[in-house]
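In: quick one: sequence plus predicted model below, questions after.
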Amino acid sequence: ATTGASVNVSNAAAPVAGQVFGASSATQGDWVYPLPEGWVSVTDYGAVGDGTTLDDTAFSNAVASGASVIYIPPGTLASPKNYLLSATIIPAEGQLFYCPNDGTYYSFPTAAGSLGLTRPRITFKGQTNYLFEIYNSGVSFHGINVVQHASFVPTAGGHFIVGNAGAGTAYTWMTTIENCSSWDGYHGCYFYGRFEYVKLRYNFVLRSIVAGMLFNAPIPSGGYEFSDNMVGACPIGLYFKQGDTSQFNQFTISSNTVAIKIDGSGGITNQLFFNQLMLENNNAGVNTIVIGGSTYPVSRITFDTLHCLPLAHAQATILLNTNARDVEFTNCDFYNTKYIDYGQRNRLVDTNIHNDGTLTTGTAIDLYGDDSIVTGNTVKDFALAIQLRAGANYAAINGNNIRNNTAVSTMDAAAKATGRGVGNIGIADW
């Protein structure tokens, strides 16, 4: 790091016990003050960070200063800052909220339920509003960790909201949220209104009351870069009420009741692409992934390289409802997972579906809808591999490897298959 009137924010050494950060005239370790031109510290406006004193005014005044960077001092490893806020903060255009940590100083909840945080955090006492409402463009967050106050259970809102619902055709542009966290909010991140070019990277959301991340943005809106995030212990991990043209890469979705719900309840939802998702330990007895099932159509949804690992010795379910169209699962691994398709033109391709031996009943692939394509898959060790139900019209069941199942396949009298099961191994030629 440098010395003098500058600060090295990209290569600063890890803080050690006893170092003090945030005083505008202090020089401690690799962090050197005064802050660079255009930066202000919330402590310069009176923020205390003791977890008891409300710091709303300090944060608001720092935002109102027009500074390009709002610096949030982390305190020390022995005594990290805990800023207490109760009011919504609306960042100005182009502002960065910056706390210098990279995720090293974090511990997960203990068995007793305490947060066990060693990183600085913001505790939010608001019940029905948002902590950060982002409808100006170019706003960014780095290293901001938000915990809901235990005595204030929210009934609406969330910690980070992106978009401008009441602005007609106006857009929120170029928002970045990275290396941040949300604990116990109503929603962790809530995307609504109209937004484009959002980056959501290296964050984690835990124990939200409703959804870890909620997407309810009318088209045309685009996400463009949602990657390397973790969502856990929520009723719904990722919830899409509407949305368009977004890609989600390398998410870990763990220990939720429902991992992913794409129902189109808020509007048309299409062109979502999911790549390299890990779904693990999500609850059994409910649907792990739900697509469709509401008023508006859900279409052109692709899952590539999805790994679904339910709770040990339990069954997961992937449910495609009647208004799910042109949904594709390809190159996936499903363990103890049942695939149910009521939709139209949906495809299950080059996917491994395994039973670890504990599922003594049930069907691996259950087809009710029209024009289903099931090809190139391996289905192993289920009671029944594939069933075509009445109303399953013109399904193509081709080139699959069906092995070690108690029963191979059945087709209801009213069902229709096309291709006559060409090239399957271990399956009747329908």
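Out: That came through fine. Numbering: from 1, shown residues only.

In: and the longest strand that the chain contains, what does it pack against?
Out: With secondary structure taken from DSSP state E, the chain has its longest strand at strand 236-249. The helices and strands touching strand 236-249, judged by 3 or more CB pairs under 8 Å, 6 or more residues apart in numbering; DSSP states H and E, are strand 211-216, strand 224-227, strand 258-262, strand 269-280. No exception for glycine: its C-beta is placed from N, CA and C like everyone else's.

In: let's have the ones you listed in CSV, adding distance to residue 304.
Out: Formatted as CSV, the helices and strands packed on strand 236-249 follow (distance: least, CB to CB, whole Å):
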stretch, distance to residue 304
strand 211-216, 19
strand 224-227, 14
strand 258-262, 14
strand 269-280, 5
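
In: show me what residue 366 is bridged to.
Out: Applying DSSP bridges to residue 366 gives these bridge partners: residue 340, residue 387.

In: just to check, it is in contact with residue 387?
Out: Yes. Residue 366 lies in contact with residue 387 (CB atoms under 8 Å); the separation is 5.3 Å.

In: give me the low-pLDDT residue ranges for the stretch 201-350 of the chain?
Out: Applying pLDDT under 70 to the stretch 201-350 of the chain flags residues 218-224, 284-285, 312-313.

In: how about the stretch 1-150 of the chain?
Out: For the stretch 1-150 of the chain, the stretches with pLDDT under 70 are 1-34, 76-78, 101-119.

In: for it, which segments are assigned as strands?
Out: All strands of the stretch 1-150 of the chain, identified by DSSP state E, counting those that start in this stretch, fall at 27-28, 31-32, 39-41, 50-54, 69-71, 82-85, 96-98, 121-124, 130-134, 140-142, 145-148.

In: dump the ones you listed to a markdown table, plus mean neighbour count and distance to residue 294.
Out: Formatted as a markdown table, those follow (neighbours: other CB atoms under 10 Å; distance: least, CB to CB, whole Å):
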| stretch | mean neighbour count | distance to residue 294 |
| --- | --- | --- |
| strand 27-28 | 14 | 54 |
| strand 31-32 | 20 | 50 |
| strand 39-41 | 20 | 45 |
| strand 50-54 | 13 | 40 |
| strand 69-71 | 24 | 39 |
| strand 82-85 | 22 | 35 |
| strand 96-98 | 20 | 35 |
| strand 121-124 | 25 | 30 |
| strand 130-134 | 24 | 25 |
| strand 140-142 | 21 | 31 |
| strand 145-148 | 24 | 28 |
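
In: which of these sits closest to residue 61?
Out: Residue 61 lies closest to strand 39-41 among the strands of the stretch 1-150 of the chain, at 9.0 Å (CB to CB).

In: which strands and helices sit next to that closest one?
Out: On a contact count with 3+ CB pairs under 8 Å, 6+ apart, strand 39-41 meets strand 69-71.
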